[in-house]
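K.L.:
Quick one: sequence plus predicted model below, questions after.
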Amino acid sequence: MMPNLLIVVLVALIPMVIGFVYYNPKLLGNVWMKEAMVTEEMIKGGNMLKMLLVSFICAFLFSAFLFGFVVHQTDVYSLYAGETGFGVEGSAVMNRVDNLMLEFGDRFRTFGHGSFHGILIGVLFVTPILGTVAIFERKSFKYVAINGGYWIFTLALMGGVLCKFG
């Protein structure tokens, strides 16, 4: 099952939009800057276009990767991908895949289900990685909580949109 590429691209914008609000000085930006040991001069001194472009590319890759986690129907295809006749319409294996998709193709394709998986990935995958890096960078728990919270919220939205519309 291939994701809707337009949705994957649009979902890649979610981290940027959420980040713009979440890391705004009026919300958590000042606290994050203090915990990250970043100054306004450091932020303004960077090439913003380059940072946003690289950020979008990373978000696009994450969006495409996340699709496979939140849409369980992709697993049906991976189960049969190595079988003779896979990808050939009318073959026995593709008839089996088509029948499975006819029966189960719309199961668990809700915003809530995708959000649930996004939260799980944020809590059980992304935040522990951030925490491990933070330990060696001598960053505080608050630093991990701010960045982990951002990713948990962001992945909940990304997963929800991908699952429902992807």
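P.N.:
Sure thing, it's come through.
K.L.:
Every contact and neighbour count from this point should use C-alpha atoms.
P.N.:
Noted.
K.L.:
any idea which helix or strand carries the nearest residue to L100 once chain neighbours are set aside?
P.N.:
Nearest residue to L100, sequence neighbours excluded (CA to CA, 6 or more residues apart in numbering): V76, at 7.9 Å. Per DSSP states H and E: V76 is located in helix 73-80.
K.L.:
Now do whatever helix or strand comes next after that helix: distance to the chain's middle.
P.N.:
Moving toward the C-terminus from helix 73-80, the next helix or strand (DSSP H and E) is helix 92-104. Relative to its chain's centre, helix 92-104 lies at 28 Å (CA atoms, centre = their mean, to the nearest Å).
K.L.:
export helix 92-104 as CSV, just CAs?
P.N.:
Extracted C-alpha coordinates of helix 92-104, given in CSV (Å, rounded to 0.1, in the frame of the first residue of the first chain):
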residue,chain,number,x,y,z
ALA,A,92,-3.0,-15.9,-7.0
VAL,A,93,-1.0,-13.9,-4.5
MET,A,94,-2.4,-10.5,-5.6
ASN,A,95,-6.0,-12.0,-5.5
ARG,A,96,-5.3,-12.9,-1.9
VAL,A,97,-3.9,-9.5,-1.1
ASP,A,98,-6.9,-7.8,-2.9
ASN,A,99,-9.4,-9.9,-0.9
LEU,A,100,-7.7,-9.1,2.3
MET,A,101,-7.7,-5.4,1.5
LEU,A,102,-11.3,-5.6,0.5
GLU,A,103,-12.2,-7.1,3.8
PHE,A,104,-9.8,-5.2,6.1
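K.L.:
All set now, cheers.
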